[in-house]
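Pasted the sequence and its predicted model underneath.
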2 protein chains.
Amino acid sequence: MSVRIAKNSGFCFGVKRAIKIALKTSKNNHEIVTLGSIIHNPQMVAKLESENILKVDNIEQIKGRPTIIRSHGIKKEILEELEKNNIEIINATCPYVSKTQDYAKSLSEDGYELIILGDRDHPEVKALRSYVDKEVIIVANADELVDKQFKKVGIISQTTRRVEDLQDLVKKLVPRCHEMRVINTICNATTIRQNSTLALARESDIMIVVGGKNSSNTKMLARICESFVKTYHIETACEIDRKWFKDKQDIGLTAGASTPDWIIVEVYNEILECIGNINKVDKIEDIPGFKEE
Amino acid sequence: MSVRIAKNSGFCFGVKRAIKIALKTSKNNHEIVTLGSIIHNPQMVAKLESENILKVDNIEQIKGRPTIIRSHGIKKEILEELEKNNIEIINATCPYVSKTQDYAKSLSEDGYELIILGDRDHPEVKALRSYVDKEVIIVANADELVDKQFKKVGIISQTTRRVEDLQDLVKKLVPRCHEMRVINTICNATTIRQNSTLALARESDIMIVVGGKNSSNTKMLARICESFVKTYHIETACEIDRKWFKDKQDIGLTAGASTPDWIIVEVYNEILECIGNINKVDKIEDIPGFKEE
């Protein structure tokens, strides 16, 4: 029996950066807040609370405290309201997400009807959409557009979508529009992580995907694995059931961009416990297969 | 046994227009010339010679006569040379081809590395390419690009290519470029004719494709038919061999955008002759299946 982790599992650049900004800000202040979850990982959010980095859900709850803008960004209107209320803003929006907001704005200003490939209920997409004054079409896949025709269409994507879905959307639209401008806003780390996960899923009998149930990129990893092998999406080691590993030889592990290393290590050690292996590890780098590209 | 013609066979808008311009110009002049074949149909070119519309191959042969610019356009440098020599120019370039030249120029000026989907040896593509001062990539399909990466790429197509090839090119490039601007310059009439031909080929035991052997869009029709059924690409009725129709029930006929009606009628009547059917026709509209959309 082997347990291996997909290369490039765990925190991405944007998440690392957001947490670093939050921790640095909290050092110089008694209490700070994040407007919405700073990242989509409930365990990490709970851990930050112990460092006096508190999550609030609306402007009224801020009560004058310095406010971190979460990694997925927030709506333009809310940002403007914070500014109007003279709240100290520390922007931890992932730079790739900010760039996507700029592209949405400029495509729309250049006269392109905008299509966003993404989940309309995800905070990143909600924020993205707010940067465009005109109507925006948000689709999870090409089929949602049915037979709609376009004159001049601009296409961008939520940073954590699958590049294959963007390819499919673009391909299907070619005969239906005169002009199409596509900016590939899918984060490269996302694509690399998805490919590493897919490669491991192909070689495994079971996949354990670790990350927030509210994490879009983690859910996407689970969806990729499901098409190859029995897959469980868990947030913490407590959810593991030893029955899952009965008769399994090759166990694969992967984690979303917002899953902290300590949770991944706990999950790995719990799997070892279940299969009667005593070679536990202290850090993610020691899990077989781990590598950052 | 039935003989049917694909809907939308024969002259397209651009070809009709070029010939009309040439005939009108020849009325007011003793002799006029076309620089290169006005359309890619040797029989029509020969017929126009009888109306004193003569084909020349280079500027030296013009000798002061009014000069028609053919439907596929000519290179920018040659047009400039004609102007410099004070030659009377009558531009019969298809407006869709001219538009494509404008797009090539503006994409390049806007900083996009230009890819043309097309045949690098075709006059339309040679002319198109000449409107861009920078390097241009010309490919017949996506695979020719291998793994090349792009920052900002502009994509246009020869007007007579298959939209499926443009879709494939665009799809394969999505993960390999940051920004992509695609202008669908494939002539709508081309797509409609290809689809009508494909539909008829699916229902036929044999396909006869009529048009110039040098005609790009006719060759494309033949290629489409070949993937379904035995196909013969001919220029005139003389090439028909009655053995082709032995044991065939459903005979399909189609013709390129530069094939004149009288040739199509001759071919149709010759096929009837071969299969012992006496219901000959005088005009294309009387051929079963004929319809313009």
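Received, thanks.

Output the below-cut-off pLDDT ranges for chain A.
Under the criterion pLDDT under 70, the flagged ranges of chain A are A:293.

Of all residues in the stretch 51-200 of chain A, which one is closest to chain B?
A:Lys171 (4.0 Å; Cβ to the nearest Cβ). (C-beta placed from N, C-alpha, C; glycine too.)

Contacts made by whichever strand or helix holds that residue with the rest, please.
Using DSSP states H and E, A:Lys171 sits within helix A:163-173. For helix A:163-173, contacts defined as Cβ atoms under 8 Å, 6 or more residues apart in numbering or on different chains pick out A:115, A:117, A:139, A:141-142, A:145, A:150, A:153, A:155, A:157, A:180, A:182, A:184, A:186, A:191, B:167-168, B:170-172, B:174-175, B:180.

Narrow those residues to those that are buried.
A:115, A:117, A:139, A:142, A:145, A:150, A:153, A:155, A:157, A:180, A:182, A:184, A:186, A:191, B:167-168, B:170-172, B:174, B:180 (16 or more other Cβ atoms under 10 Å in any protein chain shown).

center of chain A - which residue?
A:Asn217 (4.0 Å; Cα atoms, centre = their mean).

Grab the nearest non-local neighbour of that one.
Excluding the flanking residues, the one nearest A:Asn217 by Cβ to Cβ, 6 or more residues apart in numbering or on different chains is A:Thr160, at 3.8 Å.

How much space separates the one you found from A:Ala237?
24 Å (Cβ to Cβ, to the nearest Å).

Which one's more surrounded, these two?
Neighbour tally, A:Thr160 and A:Ala237, criterion other Cβ atoms under 10 Å in any protein chain shown: the higher count belongs to A:Thr160, 31 against 19.

right, and the more buried one touches A:Cys187 too?
Yes - shown here, A:Thr160 and A:Cys187 form a contact pair, counting by Cβ atoms under 8 Å, at 6.7 Å.

number of nearby residues for the residue nearest to A:Gln149 when sequence neighbours are not counted?
Leaving aside its chain neighbours, A:Gln149 sits nearest to A:Arg176 (5.0 Å; criterion: Cβ to Cβ, 6+ apart). Residues within reach of A:Arg176, counting by other Cβ under 10 Å, total 15.

got the contact list for A:Arg176?
Counted by Cβ under 8 Å, 6+ apart, A:Arg176 has contacts A:Asp147, A:Lys148, A:Gln149, A:Phe150.

again with A:Glu113
For A:Glu113, the contact set (Cβ under 8 Å, 6+ apart) comprises A:Lys134, A:Glu135, A:Ile137, A:Phe150, A:Lys151, A:Lys152, A:Val153, A:Gly154.

Look up phi and psi at the nearest residue to the fifth one once chain neighbours are set aside.
Spatially, and ignoring its direct neighbours in sequence, A:Lys151 is nearest to A:His178 (5.2 Å; Cβ to Cβ, 6+ apart). Listed backbone geometry of A:His178 is phi -70, psi -50, with angles given as degrees, to the nearest 10.

A:His178 and B:Arg181, how far apart?
Note on A:His178: its distance to B:Arg181, by Cβ to Cβ, is 12 Å.

and what of A:Thr218?
33 Å.

cool, and A:Asn269?
50 Å.

quick one: which of those two has more around it?
B:Arg181 (21 against 18).

quick one: secondary structure of A:Ala18?
Three-state call for A:Ala18 (DSSP: H, G, I helix; E, B strand; the rest coil): helix.

unless I'm mixing things up, it is touching A:Ile38, no?
Yes - here A:Ala18 reaches A:Ile38: they are 5.6 Å apart, a contact under Cβ under 8 Å.

Which neighbours do the two have in common?
A:Ile68, A:Arg70, A:Ser71, A:Ala92.

So which of the residues you listed is the closest to A:Val209?
A:Ser71 (19.7 Å; Cβ to Cβ).

Quick check on the closest one: phi, psi?
Taking degrees, to the nearest 10 as the convention, A:Ser71 sits at phi -60, psi -30.

how far away is the closest residue to A:Val174 other than its chain neighbours from A:Glu113?
Nearest residue to A:Val174, sequence neighbours excluded (Cβ to Cβ, 6+ apart): B:Gln167, at 4.5 Å. According to Cβ to Cβ, B:Gln167 and A:Glu113 sit 20 Å apart.

thinking again about what came up before, for the contacts of A:Glu113, which ChimeraX command selects only the ones that are buried?
To isolate the buried ones among the contacts of A:Glu113 in ChimeraX, judged by 16+ other Cβ under 10 Å, type:
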select /A:137,150,153,154
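
mind giving me the domain ranges of chain A?
A:2-11+A:189-286, A:13-93, A:96-186 (automatic domain parsing).

distance between the ends of the last one?
It refers to domain A:96-186. Taking Cα to Cα, to the nearest Å, the first and last residues of domain A:96-186 lie 9 Å apart.

ok, back up a step: tell me if the residue nearest to the centre of chain A really is in a strand.
No - counting by three-state DSSP, one finds A:Asn217 to be helix, located in no strand.

List the contacts of it.
A:Thr160, A:Thr190, A:Arg193, A:Gly211, A:Gly256, A:Ala257, A:Ser258.

gap between it and chain B?
From A:Asn217 over to chain B the distance is 17 Å, taken as Cβ to the nearest Cβ, to the nearest Å.

what are the phi and psi angles of A:Asn91?
According to degrees, to the nearest 10, A:Asn91 has phi -90, psi 110.

Please read the previous query as pertaining to A:Gly212.
The phi/psi pair for A:Gly212 (degrees, to the nearest 10) is phi -50, psi 140.

That one contacts A:His233, doesn't it?
No - A:Gly212 lies out of contact with A:His233 (Cβ under 8 Å); the separation is 9.6 Å.

and for the two, which residues touch both?
Common neighbours of A:Gly212 and A:His233 (Cβ under 8 Å, 6+ apart) are A:Thr218.

mind checking which helix or strand A:Met220 is in?
helix A:216-226.

quick one: contacts of stretch A:42-61?
A:19, A:22-23, A:26, A:29-39, A:62, A:65, A:68, A:78, A:81-82, A:85, A:87, A:212, A:214, A:235-236, A:258, A:260, A:263.
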